[in-house]
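Student: Here's my sequence, what's the structure:
(chains A and B)
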There are 2 protein chains.
Amino acid sequence: MREFEQRFREAMRSKAPLLDRIMHYIVQRKGKQMRPMFTLLSARQFGPVTDAGYTAASLIELLHTATLVHDDVVDVSYMRRGFFSINALWKNKVAVLVGDYLLSRGLLLAVDKGQFELLRIVSRAVREMSEGELLQLEKARGLNFKEDIYFDIIRQKTASLIAACCASGAAAGGASPDEVERMRTFGELTGIAFQIKDDLFDYGAGKNTGKPTGLDIKEKKLTLPLIYALQHVSAEERRWMVRTVKHDNENNEAVARLIAKVEAAGGIAHATMRMYEYRDRALAALHSFPETDARRSLEGLLQLTVERTK
Amino acid sequence: MREFEQRFREAMRSKAPLLDRIMHYIVQRKGKQMRPMFTLLSARQFGPVTDAGYTAASLIELLHTATLVHDDVVDVSYMRRGFFSINALWKNKVAVLVGDYLLSRGLLLAVDKGQFELLRIVSRAVREMSEGELLQLEKARGLNFKEDIYFDIIRQKTASLIAACCASGAAAGGASPDEVERMRTFGELTGIAFQIKDDLFDYGAGKNTGKPTGLDIKEKKLTLPLIYALQHVSAEERRWMVRTVKHDNENNEAVARLIAKVEAAGGIAHATMRMYEYRDRALAALHSFPETDARRSLEGLLQLTVERTK
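Tutor: Numbers count the residues shown, from 1 in each chain, chains lettered A, B, ... in the order given. Predicted coordinates:
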């Protein structure tokens, strides 16, 4: 990770003073760096990490940072990881441009190194992520979609990037096309479990989240616990729930009551069960590879994904 | 162009209904399609236009469309009672995501066709465009930069994409690295002339613009006519000009007086002279290639760039 961090900082360097200040700010605010870890460990499964593996990890972290910066515009969230977001400090326009800049820097990295397969994997992930977010925006209006659409959305908007980490790491490590595909599957299943966990936090399931409980409801986002509950309550209760999400979502008391009803209807238990189901499927995909230190670490990351309390 | 348009429409197709509606809207609102024309003619200079040439034109038009969509991202001025209006929110979200989606679709096109050189040219253009826009945003605060910075800005934010059209077209047409570089130079010089022309429109130089005169001033954008004027008026007049741009830019009368002063100080004559200088340099670069129908058409496009009245 130290080697990665140095290369990443270098990849962020720019001539423009404003950009340099923003890049410095972003590097300091670095998050869990889960994605470079998935990438480097996936490479490590197939041998020592080479230059190609670090390029893959850097490109994906640049892309992930670009989507966070763009998400700050999309969500109008002024805080990110406890600090003011780039958007709040430099306005929407700058956030959009910085996101584009980060993405292009990442692509140039892969171009300069001649890593064509990496470009294929990453372009596909960009398409899937934006398509998934747009699908979520479109469906959010109706408030009446089923579980299969929820899984379509999270597969695209979240799981596709973790799938890209594992696939691009494996490709950089010299894995065969079949092995790359199996690592992609492991990443995708892990990503789905990760997003269900995130959505559970919003209902107070799991502690020390640092996130305001009920935020998804306030943003009229339909996630698994609520989707399940809507289909397992009386018609009258369903009407009240939909009305609350649509028209009373600023009312903290109503939101708290909604969360209690979702739990009582079994929504949290159901989502937790499905999360473990995806965790187990991810584990099975991972166990199709020989046991190594890297595989044990990937297993640890997967467990962390579902057991984390923030 | 017919062949290109059909391929472009195909490249825009999506499964998501919301995206499909937006894509349809974008295709209908198509502009002058100057960029695909530069790309296809640059390819044609080196032989019949192949599949690779159409891919280059489609990717660049997708990228251009993505930047237009990202440019649409609204400012904080859309706030109502301290909160974003629903329309502004929706517009922001969709604009950012659709831009990302278009860019990734374009990249995947090049990846699928295995056009590595095209990816290199386009990633570089994305970096330069975002860097140029950020440089402009940064410098706009000071209102005291000189001509060389103006040329740095327009070279990056506008000319880099037309340079990419000509370079990628030439590369797709099988040109040598030296020929690709000379075509890039032709495109860059043409792009600079194009942007000076655009900036002149804002001062009422040229007719039927369809653009509100003085818009750049209202947005506190410092362009060539004003930069020249600021350096060729008395200190007292300069102070009035700067004050007007900074604090009185909503006042139509003051803006009209400023435009008259810029013209009287020779700002418009100077910018026009520099535009023709870049036109002549672009022409010289183009004339390093043998005369063909394609070269004559590129020459026509260049003339259109500086002679257009809108």
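Student: For the rest of this, base every contact and every neighbour count on C-alpha atoms.
Tutor: OK.
Student: What is the burial count for the closest residue to chain B within the stretch 201-310 of chain A?
Tutor: For the stretch 201-310 of chain A, the residue closest to chain B is A:E219, as judged by Cα to the nearest Cα, at 11.4 Å. By the criterion of other Cα atoms under 10 Å in any protein chain shown, A:E219 has 14 neighbours.
Student: Likewise for the one 10 residues further on?
Tutor: The burial count assigned to A:A229 is 23, neighbours taken as other Cα under 10 Å.
Student: which strands and helices sit next to the helix or strand harbouring it?
Tutor: Per DSSP states H and E: A:A229 is located in helix A:224-230. Here helix A:224-230 touches helix A:147-154, helix A:177-201, helix A:252-264, helix A:267-286, going by 3 or more Cα pairs under 8 Å, 6 or more residues apart in numbering or on different chains; DSSP states H and E.
Student: The same query, at a cut-off of 7 Å, please.
Tutor: Counting contacts by 3 or more Cα pairs under 7 Å, 6 or more residues apart in numbering or on different chains; DSSP states H and E, helix A:224-230 packs against helix A:147-154, helix A:252-264, helix A:267-286.
Student: Let me know the angle separating the helix or strand following the shortest one from helix A:177-201.
Tutor: Downstream of helix A:147-154, the next assigned helix or strand under DSSP H and E is helix A:160-172. For helix A:160-172 and helix A:177-201, the angle between their directions (axes from the mean of the first three to the mean of the last three Cα atoms, to 10 degrees) works out to 150 degrees.
Student: Can you tell me which of the helices and strands packed on helix A:224-230 has the worst average pLDDT?
Tutor: Among those, helix A:252-264 has the lowest mean pLDDT, at a mean of 92.
Student: buried residues in it?
Tutor: By 16 or more other Cα atoms under 10 Å in any protein chain shown, the buried positions in helix A:252-264 come out as A:255, A:258-259, A:261-263.
Student: Go through those residues and name the one nearest A:R239.
Tutor: Distance to A:R239 across the buried residues of helix A:252-264 (Cα to Cα) is lowest for A:L258, with 11.7 Å.
Student: Kindly state the pLDDT recorded for the closest residue in space to the closest one that isn't next to it in sequence?
Tutor: Using Cα to Cα, 6 or more residues apart in numbering or on different chains and skipping residues adjacent in sequence, the residue nearest A:L258 is A:M241, 6.5 Å away. Note for A:M241: predicted pLDDT of 94.
Student: circling back: the residue of the stretch 201-310 of chain A closest to chain B and A:I153, how far apart?
Tutor: 16 Å (Cα to Cα, to the nearest Å).
Student: State the helix or strand in which A:G53 lies.
Tutor: helix A:51-75.
Student: helices or strands up against that helix?
Tutor: Packing partners of helix A:51-75 (3+ Cα pairs under 7 Å, 6+ apart): helix A:34-44, helix A:86-112, helix A:160-172, helix B:86-113.
Student: how far out from the middle of the chain is the third one?
Tutor: Think helix A:160-172. Put simply, helix A:160-172 sits 13 Å off its chain's centre (Cα atoms, centre = their mean, to the nearest Å).
Student: orientation of it relative to helix A:51-75 in degrees?
Tutor: 170 degrees.
Student: before we move on, back to that, in the helix or strand hosting the residue nearest to A:L258, what's buried?
Tutor: Under the criterion of DSSP H and E, A:M241 resides in helix A:235-247. Neighbour-count burial for helix A:235-247, with 16+ other Cα under 10 Å as criterion, is recorded at A:241-242, A:244-246.
Student: Also stretch A:43-53?
Tutor: Residues of stretch A:43-53 classed as buried: A:43-46, A:49, A:52-53 (neighbour count, 16+ other Cα under 10 Å).
Student: which of the residues in stretch A:105-112 are buried?
Tutor: Buried residues in stretch A:105-112 (16+ other Cα under 10 Å): A:105-111.
Student: Report the mean per-residue pLDDT for that stretch.
Tutor: Averaged across stretch A:105-112, pLDDT comes to 89.
Student: any residue of that stretch up close to chain B?
Tutor: Yes: using Cα under 7 Å from any Cα of the partner chain, stretch A:105-112 reaches chain B at A:105, A:107-108, A:111.
Student: Let's have those residues in CSV, adding distance to B:T309.
Tutor: Formatted as CSV, these follow (distance: Cα to Cα, whole Å):
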residue, distance to B:T309
A:R105, 37
A:L107, 38
A:L108, 37
A:V111, 40
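Student: re the thing from before, other residues contacting the helix holding A:G53?
Tutor: For helix A:51-75, the surrounding residues in contact (Cα atoms under 7 Å, 6 or more residues apart in numbering or on different chains) are A:4, A:8, A:35-36, A:39-40, A:43, A:78, A:85-87, A:92, A:95-96, A:99-100, A:102-103, A:106-107, A:109-110, A:118, A:165, A:168-169, A:172-173, B:92-93, B:96.
Student: Buried among these? Make that a PyMOL selection.
Tutor: With 16+ other Cα under 10 Å as the criterion, this PyMOL line picks the buried residues out of those:
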select buried, (chain A and resi 4+8+35+36+39+40+43+85+86+87+92+95+96+99+100+102+103+106+107+109+110+118+165+168+169+172+173) or (chain B and resi 92+93+96)
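Student: The helix holding A:M241 packs against which elements?
Tutor: Helices and strands touching helix A:235-247, by 3+ Cα pairs under 7 Å, 6+ apart: there are none.
Student: List the contacts of it.
Tutor: With Cα under 7 Å, 6+ apart as the criterion, helix A:235-247 contacts A:217, A:220, A:230, A:254, A:258.
Student: go with 8 Å
Tutor: A:143, A:217-218, A:220, A:230-231, A:254-255, A:258 (Cα atoms under 8 Å, 6 or more residues apart in numbering or on different chains).
Student: Flag every residue of chain A that's near chain B.
Tutor: Residues of chain A found near chain B (Cα under 8 Å from any Cα of the partner chain) are A:16, A:18-19, A:70, A:73-76, A:91-94, A:96-98, A:100-101, A:104-105, A:107-108, A:111-112, A:116, A:119-120, A:123-124, A:126-127, A:130-131, A:133-135, A:138.
Student: Those, buried ones only, as a PyMOL selection?
Tutor: A single PyMOL command is used to select the members of the residues of chain A next to chain B judged buried by 16+ other Cα under 10 Å:
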select buried, chain A and resi 18+19+70+73+74+76+92+93+94+96+97+98+100+101+104+105+107+108+111+116+119+120+123+124+126+127+130+131+133+134+135+138
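Student: Taking helix A:252-264 as reference, get the angle to the helix holding A:M241.
Tutor: Angle of helix A:235-247 versus helix A:252-264, following the same axes, to 10 degrees, is 140 degrees.
Student: Name the spans of chain A whose pLDDT lies under the cut-off.
Tutor: Across chain A, the ranges flagged by pLDDT under 70 are A:15-16, A:29-30, A:74-91, A:207-212.
Student: Spatially, which residue comes closest to A:L224, not counting chain neighbours?
Tutor: Excluding its sequence neighbours, the residue lying closest to A:L224 (Cα to Cα, 6+ apart) is A:A271, at 5.9 Å.
Student: can you count the residues close to the one you found?
Tutor: Count around A:A271 with other Cα under 10 Å applied: 22.
Student: same deal with A:G191?
Tutor: 27.
Student: which residues touch it?
Tutor: Contact analysis of A:G191 by Cα under 8 Å, 6+ apart lists A:155, A:158-163.
Student: The same query, at a cut-off of 10 Å, please.
Tutor: By Cα atoms under 10 Å, 6 or more residues apart in numbering or on different chains, A:G191 lies in contact with A:154-163, A:185, A:197, A:278-279, A:282, A:302, A:305.
Student: got it, and A:L302?
Tutor: For A:L302, the contact set (Cα under 10 Å, 6+ apart) comprises A:38, A:186-187, A:189-191, A:193-194, A:279-280, A:282-283, A:296.
Student: Which strand or helix spans it?
Tutor: Counting by DSSP H and E, A:L302 is found in helix A:293-307.
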